[in-house]
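> Sequence plus predicted model, see below.
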Amino acid sequence: MKDHAMTGQPFQPVALPYRKVTVVGAGSWGTALAVVLARAGCETTICGRDPAIIDEINMKSTTERFLPGVTLPEGLRGTTDMPKALEGAEAVLIVVPSRSVRNVARQVAEHAPKETPVAVCAKGIEAETGLLMTQVAEEELGGRCVGCVSGPTFALETALGHPTAATVAFPFTYGDRLRPHESPAVRLALSLSTESFRSYVSDDLVGVEIGGAVKNIIAIACGLMSGAGFAENTRAALITRGLDEMKALAEALGGRRETVTGLSGIGDLSLTCSSPTSRNMSLGLQLGQGTPRADCFDGRPVVVEGEMNAKSVTDLARSVNVAMPICETVRSILHEGADLGTAFANLWARPIEAEPRTMDLSFTHPATDKDIATLAERIS
Ligand SMILES: NC(=O)C1=CN([C@@H]2O[C@H](COP(=O)(O)OP(=O)(O)OC[C@H]3O[C@@H](n4cnc5c(N)ncnc54)[C@H](OP(=O)(O)O)[C@@H]3O)[C@@H](O)[C@H]2O)C=CC1
Ligand SMILES: O=C(CO)COP(=O)(O)O
């Protein structure tokens, strides 16, 4: 870092937080992020499509369906009027499920100021195109700078003020100049900074987003095995080998290995795979205990990103020749009618490989078909 010419002190570039931010998506994570922004002193508008939810936010400062027990900050305002919500916004957060990001980004493009950066906070890969969420948004947002926010962040804990950290990722380079302090990552990280919410910045969008998309599928795998009666050894193995799958896919797509060891990678993986608070882990637990899919979550529609993404992520991995055996196993169970026990027994009986996978070694496993059938029997 250069020294300041007058004082000789290290030069500290100045970056200012955004003062007016709009969050599109009034579900649990959108509202929790809006709470953080409002608590940080930012003029925050939350834009939702259900008038009853918005009325509750404005009239009672609560949203019992999405954040039970939380009192929302006074300054937080809700609206269903997107053009009004986006008027004069200095930054926009899109916080809807991954399957709705393209549609919502298209609406944001119509109404947001032309220079406004947009952060996508959904975790997933678009099914039809194999694109990351920021790439989907970029296609719709007409040249606006697009980034993401991701990390180990259960919405309710965040809104309740439990110390939480996340990564804000946007490009750091403008033309051929590296200017991190001018990046929306830094300005949004400042807007997302309170005594209990800590933001880090990154310019590795691929690494950050692959972490968020893959961890949900591994959490379903952990839930399936825990639900089937296995314990901590199994879960630790799935988390560790799941991390290897995440790393391999991120690198194949141009992301950085060290990003995967950060908040959006191992951080979110360990959170989501450790607690039934996770909807992904919880779906796996229920299915592993034998609950039919239609009866999971008492039949309520719940956003479980890893379910559809088991397909989109493995399609993407296949297209770049990356082996993701755990994600493939989850896909086969959820989407291809594979038997839970047989699929997991086969996962465990795969040829012996080197760890890390950079060494290309493979030895046939000595387990016999009878051994595999025995393990499958124990799981089913
Ligand atoms: N909850 C969490 O702890 C975290 C979630 N995330 C990610 O955030 C994303 C959103 O999840 P989350 O907030 O939990 O989900 P919720 O189910 O709590 O909320 C989803 C919200 O998106 C709205 N929505 C869906 N489709 C559209 C659309 N086409 N136009 C406008 N609004 C729409 C829903 O409206 P309606 O109710 O009317 O359908 C609802 O308000 C997911 O990708 C998730 O992985 C990331 C970190 C933490
Ligand atoms: O992404 C999350 C925490 O970081 C939320 O996980 P679930 O979607 O599994 O609830």
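Perfect, thanks for sending it. Residues are numbered from 1 along each chain as shown. Ligands and ions are numbered 1, 2, ... in the order given.
> Now do the contacts for R318.
For R318, no contacting residues are found, by Cβ atoms under 8 Å, 6 or more residues apart in numbering. In short, each C-beta sits where N, CA and C put it, glycine included.
> Whether the helix or strand that contains it contacts ligand 1 - can you check?
Element membership of R318 [criterion: DSSP states H and E] is helix 305-319. Yes. Using Cβ under 6 Å from any ligand atom, helix 305-319 reaches ligand 1 at E305.
> Identify the residues contacting the helix or strand following that helix?
Following helix 305-319 in sequence order, the next helix or strand is helix 325-335 (DSSP H and E). Applying Cβ under 8 Å, 6+ apart, the contact partners of helix 325-335 are 214, 217-218, 220-221, 224, 238, 241-242, 245, 287, 306-307, 310-311, 313-314, 317, 338-340, 343-344, 346-347, 350.
> How about the chain: which residue is closest to ligand 1?
Using Cβ to the nearest ligand atom, the single residue of the chain nearest to ligand 1 is G27, 1.7 Å away.
> how about the residues of the protein near ligand 2?
So the chain meets ligand 2 at 123, 152-154, 216, 219, 268, 271-272, 278-280, 305 (Cβ under 6 Å from any ligand atom).
> Looking at those, which is nearest V21?
Sorting the residues of the chain next to ligand 2 by how near they are to V21, with Cβ to Cβ, puts T153 at the top with 17.0 Å.
> where does the stretch 251-380 of the chain come near ligand 1, residue by residue?
V303, E305.
> what about the helices in the stretch 251-380 of the chain?
257-260, 268-272, 279-288, 305-319, 325-335, 340-348, 369-379 (DSSP state H, counting those that start in this stretch).
> Can I get those helices in TSV including mean pLDDT?
Shown next, in TSV, are those (pLDDT from 0 to 100):
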stretch	mean pLDDT
helix 257-260	96
helix 268-272	98
helix 279-288	98
helix 305-319	98
helix 325-335	98
helix 340-348	95
helix 369-379	83
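> closest one to R39 among these?
helix 268-272 (21.5 Å).
> quick one: low-confidence parts of the chain?
1-13, 175-176, 178 (pLDDT under 70).
> quick check: longest helix of it.
helix 205-227 (DSSP state H).
> tell me, how many neighbours does the residue nearest to A317 when sequence neighbours are not counted end up with?
Counting by Cβ to Cβ, 6 or more residues apart in numbering, A317 lies nearest to M324, which is 4.7 Å off, once chain neighbours are set aside. A count of nearby residues for M324, using other Cβ atoms under 10 Å, gives 25.
> again, but for L190
L190: 17 neighbours (other Cβ under 10 Å).
> before we move on, which element is it in?
helix 184-191.
> Then V92?
Judged by DSSP H and E, V92 forms part of strand 91-94.
> Residues touching that strand, excluding its own?
18, 21-25, 30, 33, 86, 101, 104-105, 108, 112, 116-122, 137, 149, 184, 187-188, 191.
> Send over the helix or strand that comes right after it as CSV, restricted to the C-alpha atoms.
Next helix or strand after strand 91-94 toward the C-terminus (DSSP H and E): helix 101-111. The C-alpha trace of helix 101-111 is given here as CSV (Å, rounded to 0.1, in the frame of the first residue of the first chain):
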residue,chain,number,x,y,z
VAL,A,101,-34.1,-14.8,-10.6
ARG,A,102,-34.3,-14.3,-14.4
ASN,A,103,-37.9,-13.1,-14.2
VAL,A,104,-37.2,-10.7,-11.3
ALA,A,105,-34.0,-9.4,-12.9
ARG,A,106,-35.9,-8.6,-16.0
GLN,A,107,-38.4,-6.5,-14.0
VAL,A,108,-35.6,-4.8,-12.1
ALA,A,109,-33.9,-3.9,-15.4
GLU,A,110,-37.1,-2.0,-16.5
HIS,A,111,-37.2,0.2,-13.4
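> Name the residues that touch helix 101-111?
Against helix 101-111 from outside (Cβ under 8 Å, 6+ apart): 24-25, 82-83, 85-87, 92, 94, 96, 118, 120, 122, 126, 133, 136-137, 139-142, 144.
> Parallel or antiparallel, list what pairs with the helix or strand just after it.
Once the chain leaves helix 101-111, the next helix or strand it forms, by DSSP H and E, is strand 118-120. Here strand 118-120 is paired, per DSSP bridges, with strand 91-94 (parallel), strand 146-150 (parallel).
> what element comes up after strand 118-120 heading to the C-terminus?
Taking DSSP H and E as the definition, the helix or strand right after strand 118-120 is helix 133-140.
> and that following helix, C-alpha only, in PDB?
This file holds the C-alpha atoms of helix 133-140, laid out as PDB (Å, rounded to 0.1, in the frame of the first residue of the first chain):
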ATOM      1  CA  MET A 133     -27.200 -16.700 -10.800                       C
ATOM      2  CA  THR A 134     -25.100 -13.600 -11.500                       C
ATOM      3  CA  GLN A 135     -24.700 -14.700 -15.100                       C
ATOM      4  CA  VAL A 136     -28.500 -15.000 -15.400                       C
ATOM      5  CA  ALA A 137     -29.000 -11.600 -13.900                       C
ATOM      6  CA  GLU A 138     -26.200 -10.100 -16.100                       C
ATOM      7  CA  GLU A 139     -28.100 -11.300 -19.200                       C
ATOM      8  CA  GLU A 140     -31.200  -9.300 -18.100                       C
END
